[in-house]
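Student: sequence? don't have it. structure:
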């Protein structure tokens with residue numbers, strides 16, 4: 001039987017691979033410095049969390065509860081966020097340190113902060129979107145208590 005943790009690991013890895021592949025494709029076409037293209041990261045995160053909760057609900061059947069789905073969605077997003085943040089930290093600190101300078105521009109010169117701020121922003125952005133997406137999708141997957 002699939003546990004919430006194993007489903008979250010599997011789909012979290014799927015999201016992470018999707019986010020890394022998307023970033024590398026953008027880098028291939030020299031579009032990785034455009035911060036607006038990060039909005040499409042939300043599509044990968046949303047689809048991964050949605051399908052993780054859906055798969056877990058199908059595997060549990062009638063014993064599926066709101067807490068089960070919520071836990072699965074949160075774990076899936078948290079795993080994906082941590083792994084992607086780790087990848088981006090390696091990329092910004094070791095592979096392409098100039099990426100931070102290009103992205104931050106004058107802000108980097110005025111305040112002296114660098115890649116650490118971007119890593120923190122990626123982490124917070126991923127965790128916040130995980131919570132919002134999980135709450136949103138659980139409205140679709142919860143058992144209705146409406147009277148017929």
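Tutor: Thanks, I have the structure now. These figures come from a predicted structure and were not determined experimentally. Numbers count the residues shown, from 1 in each chain.
Student: which one is residue 80 nearest to, not counting chain neighbours?
Tutor: residue 15 (3.6 Å; C-beta to C-beta, 6 or more residues apart in numbering). The way it works is simple: take the backbone N, C-alpha and C, and place the C-beta from them, glycine included.
Student: what is the burial count for the one you found?
Tutor: Neighbour count for residue 15, taken as other C-beta atoms under 10 Å: 27.
Student: need the contact list for it.
Tutor: By C-beta atoms under 8 Å, 6 or more residues apart in numbering, the contact set of residue 15 is 44-45, 48-49, 76-77, 79-80, 84.
Student: okay, buried residues for whichever helix or strand residue 140 is part of please.
Tutor: Using DSSP states H and E, residue 140 falls within helix 115-141. Buried residues in helix 115-141, counted by 16 or more other C-beta atoms under 10 Å: 115, 118-119, 122-123, 125-127, 129-130, 133-134, 137-138, 141.
Student: again with stretch 8-15
Tutor: Buried-residue list, stretch 8-15, by 16+ other C-beta under 10 Å: 8, 11-12, 14-15.
Student: how many residues are close by residue 77?
Tutor: Other residues within reach of residue 77, judged by other C-beta under 10 Å, total 28.
Student: wait, it sits on residue 12?
Tutor: Yes: the pair residue 77 and residue 12 qualifies as a contact (C-beta atoms under 8 Å) at a distance of 7.4 Å.
Student: spit out the residues that contact the two alike.
Tutor: Common contacts of residue 77 and residue 12 (C-beta under 8 Å, 6+ apart): residue 48.
Student: low-confidence stretches in the protein?
Tutor: For the chain, the stretches flagged by pLDDT under 70 are 1, 103-115, 147-148.
Student: any idea where the helices of it begin and end?
Tutor: Ranges of helices within the chain are 4-28, 41-60, 66-90, 98-104, 106-111, 115-141, based on DSSP state H.
Student: adding distance to residue 34, write these out as CSV.
Tutor: Formatted as CSV, those follow (distance: least, C-beta to C-beta, whole Å):
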stretch, distance to residue 34
helix 4-28, 8
helix 41-60, 12
helix 66-90, 15
helix 98-104, 9
helix 106-111, 16
helix 115-141, 14
